[in-house]
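**Q** show me how the following folds:
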Amino acid sequence: MKKSEKNLKYLIALVVVLLIIFLIMLVCRARKNDSPSEASKLLENLPVTDAKAQTYVADKIPSLNSDDKIFGSKDAPIKIFVYEDGSNLYSARLADTLDKLYAETPSQLAIIVRPFISKESVLAKEAALAVECAGDENKWIQMRALLFAKTKNTSLAVTDFGKYAEQVGLDKNVFLSCLTNQTKSAKIEKLNSEAEGYSVIGAPTIFIDDEMIPGARPYEDYVDSNGDSIEGLKTLIAKKLK
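**A** Modelled structure (predicted):
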C-alpha cells in the first residue's frame, strides 16, 4: 500500500471518529435541555390546592420580620408576602393589582414586599438595593413605585439610578455609596436565599396564608390558555375575608 493511500485512510478514520463524537455531544445536549430543571422539580413536589387553580400548598411559609417593608398594619388578618423583581414587568403588573386590593380593604390586608432576583440579573439586584437604600430615608415606597414605572415603559437603566435617587428626594452621592454597601448586599442575598427555601423559583411569587401563587395573578377571574377558569386575587382575598 502506498504511503499516500495509508495517510488518506487514517484521515478518513479520524473524520469518522470526530463526527461520532460530535453526534454524541448533540444528543447529550438535547437530553439535558429536555430534562426538567431543579427549580421546576421544586414546584412539582408541592401539593396543589386545586389542579386548575395554579395555586400550591406551601411546604414552608414566610413569617414577618421586624425590618420588613410593609403596606398596612402587621396586625392585619390577611398578610400577603410578595417576592418581586423591580426590573420585571410581571412584578410591576402584580404591584398594580395588589395596590388595588389594598385600597379596597386597607384595614384587612397587609402586603409585605421582598426582593427576589435571578443570580444573573445585575439590574434586578440594583433595583433591590435601590429600594433597600431608599428605605434608610423612608423613601422605599417612592423608589419602588418609580422603578416599576420605569420598568413598565422599558426605560429602567443601571446608569440612571443616581437620577432616580434625586427624583424621590434622596442625596445622590449618599445613595450611590449605599448601593455598594456590603451589608445591604448581604441582606438582599439573605432574603433571596430564604425565598429559595420557600420554593420560590421566580418573581413574582406571592404567599397568602399557606398558599403559594407563582406569577402575576390578575385582579379579576379569567380563563387561561387551556380553557380553565382561574380565580383572580379579588376572589381569593374575598374568600379569605369570609
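
**Q** from here on, just use CA atoms for contacts and neighbour counts.
**A** Fine.

**Q** ok, residue 238 to residue 63 distance?
**A** 22 Å (CA to CA, to the nearest Å).

**Q** for the residue most central in space within the chain, give me its contacts.
**A** By CA atoms, centre = their mean, the mean C-alpha position of the chain lies nearest to residue 203, the distance being 1.7 Å. Counting by CA atoms under 8 Å, 6 or more residues apart in numbering, residue 203 touches 83-85, 88, 90-91, 116-117, 214-215.

**Q** mind listing which of those are in strands?
**A** Among those, the ones falling in strands (DSSP state E) are 83-84, 214.

**Q** could the residues you listed be laid out in a markdown table, adding distance to residue 242 and neighbour count?
**A** Listed next are the ones in strands among the contacts of residue 203 as a markdown table, based on distance: CA to CA, whole Å; neighbours: other CA atoms under 10 Å:
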| residue | distance to residue 242 | neighbour count |
| --- | --- | --- |
| 83 | 25 | 26 |
| 84 | 27 | 26 |
| 214 | 23 | 20 |
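
**Q** how about those residues in TSV, adding pLDDT?
**A** Below are the ones in strands among the contacts of residue 203 laid out as TSV (pLDDT from 0 to 100):
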residue	pLDDT
83	98
84	98
214	95
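
**Q** reformat the residues you listed as TSV; add distance to residue 56.
**A** TSV is the format used below for those (distance: CA to CA, whole Å):
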residue	distance to residue 56
83	15
84	18
214	9
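
**Q** what does stretch 151-166 rub up against?
**A** Here stretch 151-166 has contacts from 86-89, 92, 123, 126, 130, 134, 143, 146-147, 150, 171-173, 175-176, using CA under 8 Å, 6+ apart.

**Q** any idea how far apart the tips of that stretch sit?
**A** The first and final residues of stretch 151-166 sit 18 Å from each other (CA to CA).

**Q** go through it and flag the buried ones.
**A** 151-152, 156, 161-162, 164-165 (16 or more other CA atoms under 10 Å).
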